[in-house]
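Asks: coords below, sequence missing:
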């Protein structure tokens, strides 16, 4: 989901460590330091790890992936071959959530289904026209770029924020779309703009609140959405099993409540990551870093995948919680990173 941005980008600004700032510290911990470690379902985490570990390039990871194929004691496997490394622990973690939207649509344009999902135009390579220009001048219309049509333009906008989703087809079955490219403009937060205009206070803003306001105010809402110049294009992704999750950054299906999006500058894609999330719904769980996102920057920053559909969207939209995340690294890599550990 390389183009996906967490739904919380729509809300108030977030303070996170950015690449290029002071190098984060790294500290090797003991598994006894991980709160709730003994209570997790390590077998579930191992199954998700196996989905993508074969795509990791370093020899240390490849060796552990081969060993993982035959493991019957998942907790013992992680404790024997990995070390927990706290990277950037001087800053509290920030956890948000994301989900896979489900829209109603058709492969054919009809009176109901008239808002298109577009594939990438061939001339788009780098910086292109803004969202406002694309929509006002109809730059994509009548060019055969439509993948499908849906019944709600607000859902199209939010699908672009997530970067992938499923369409329930009027003809029957599902169509899945994934990130296919973008126009090169940086995302601007709609939530921040609503706060700036005095429409809402920061604590009131969520994805659901924005959607509701735009639908109640269609003219002003369209103008508000155009405050974000970024425009995302899609590609059709073949579905062998509709129950499989969308493709993450490793081009494999991701798993609800076990996949996180991370900043790969700090956390290797495919690595197990122990999550200690606070807030109203605390989480102590071993997850796998299988995705990325434009808003996910810094060593202590993660986006938790909540699954498909509206209920998952509501759950994900409520998450903006502190905590800490600890990466499980192969022993050799952990000791190269922290030689004195």
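Replies: That came in fine, so what should we check first? Source: prediction; values computed, not measured.
Asks: use CA for all of it now, contacts and neighbours both
Replies: Noted.
Asks: Are there helices or strands packed against the helix or strand hosting residue 64, and which ones?
Replies: Taking DSSP states H and E as the criterion, residue 64 maps to helix 59-68. Under the contact criterion of 3 or more C-alpha pairs under 8 Å, 6 or more residues apart in numbering; DSSP states H and E, helix 59-68 touches helix 42-52, strand 320-330.
Asks: of all these, which gets the most neighbours per residue?
Replies: strand 320-330 (a mean of 23; mean count of other C-alpha atoms under 10 Å).
Asks: quick one: that one to helix 59-68, angle?
Replies: Angle, strand 320-330 to helix 59-68, by axes from the mean of the first three to the mean of the last three C-alpha atoms, to 10 degrees: 90 degrees.
Asks: Name the residues that touch the helix or strand just after strand 320-330?
Replies: Downstream of strand 320-330, the next assigned helix or strand under DSSP H and E is helix 331-337. For helix 331-337, the surrounding residues in contact (C-alpha atoms under 8 Å, 6 or more residues apart in numbering) are 26, 28, 60, 81, 82, 83, 85, 341.
Asks: The third one: what's its closest spatial neighbour, skipping adjacent residues?
Replies: Right, the one you point to is residue 60. Computed as C-alpha to C-alpha, 6 or more residues apart in numbering, the closest residue to residue 60 that is not its neighbour in sequence is residue 330, at 6.6 Å.
Asks: Please report how far the one you found lies from residue 108.
Replies: Taking C-alpha to C-alpha, to the nearest Å as the criterion, residue 330 is separated from residue 108 by 50 Å.
Asks: what does residue 157 give?
Replies: Residue 157 is 20 Å from residue 108, by C-alpha to C-alpha.
Asks: pLDDT wise, what is the nearest residue to residue 184 once chain neighbours are set aside at?
Replies: Nearest residue to residue 184 in three dimensions, chain neighbours excluded: residue 127, at 4.3 Å (C-alpha to C-alpha, 6+ apart). Looking at residue 127, its pLDDT reads 97.
Asks: okay but residue 127 is in contact with residue 183, surely?
Replies: Yes: if you go by C-alpha atoms under 8 Å, residue 127 and residue 183 touch, sitting 5.6 Å apart.
Asks: Of these two, which one has the most company?
Replies: Set side by side, residue 127 and residue 183 show more neighbours around residue 183, with 21 against 11, by other C-alpha atoms under 10 Å.
Asks: Buried ones only from the contacts of helix 331-337, please, as a PyMOL command.
Replies: Buried members of the contacts of helix 331-337, defined by 16 or more other C-alpha atoms under 10 Å, are picked up in PyMOL with:
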select buried, resi 26+28+82+83+85
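Asks: Sitting in helices, which of the contacts of helix 331-337 do you find?
Replies: 60, 81 (DSSP state H).
Asks: export the contacts of helix 331-337 to a markdown table and tack on distance to residue 312?
Replies: Converted to a markdown table, the contacts of helix 331-337 look like this (distance: C-alpha to C-alpha, whole Å):
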| residue | distance to residue 312 |
| --- | --- |
| 26 | 33 |
| 28 | 34 |
| 60 | 35 |
| 81 | 34 |
| 82 | 32 |
| 83 | 32 |
| 85 | 30 |
| 341 | 40 |
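Asks: Would you list the phi and psi of the closest residue to residue 287 other than its chain neighbours?
Replies: Among residues not flanking residue 287 along the chain, residue 258 sits closest, at 4.5 Å (C-alpha to C-alpha, 6+ apart). Per-residue torsions, residue 258: phi -130, psi -10 (degrees, to the nearest 10).
Asks: Tell me the confidence at residue 258?
Replies: Confidence score, pLDDT, at residue 258: 98.
Asks: Give me the number of neighbouring residues for it.
Replies: Neighbour tally, residue 258, other C-alpha under 10 Å: 24.
Asks: Then residue 32?
Replies: For residue 32, using other C-alpha under 10 Å, the count is 10.
Asks: Kindly provide the distance from it to residue 189.
Replies: 40 Å.
Asks: How about residue 125?
Replies: In terms of C-alpha to C-alpha, residue 125 sits 24 Å off from residue 189.
Asks: Of the two, which one has the most company?
Replies: residue 189 (18 against 12).
Asks: about what we covered before: look up which residues are beta-bridged to the residue nearest to residue 60.
Replies: Beta-bridge partners for residue 330, by DSSP bridges, are residue 82.
Asks: got a list of what it touches?
Replies: 60, 61, 64, 81, 82, 83.
Asks: How about residue 269?
Replies: Counted by C-alpha under 8 Å, 6+ apart, residue 269 has contacts 56, 250, 262, 289, 290, 291.
Asks: Model confidence score at it, please.
Replies: pLDDT, residue 269: 98.
Asks: Kindly report the same for residue 207.
Replies: So, for residue 207, pLDDT stands at 82.
Asks: thought the residue nearest to residue 287 was touching residue 284?
Replies: No: counting by C-alpha under 8 Å, residue 258 does not reach residue 284; the two are 11.1 Å apart.
Asks: So which residues of the stretch 201-341 of the chain form helices?
Replies: Ranges of helices in the stretch 201-341 of the chain, per DSSP state H, counting those that start in this stretch, are 207-216, 218-225, 309-317, 331-337.
Asks: so how far is the first one from its chain's centroid?
Replies: On the basis of C-alpha atoms, centre = their mean, to the nearest Å, the separation between the geometric centre of helix 207-216 and that of its chain is 21 Å.
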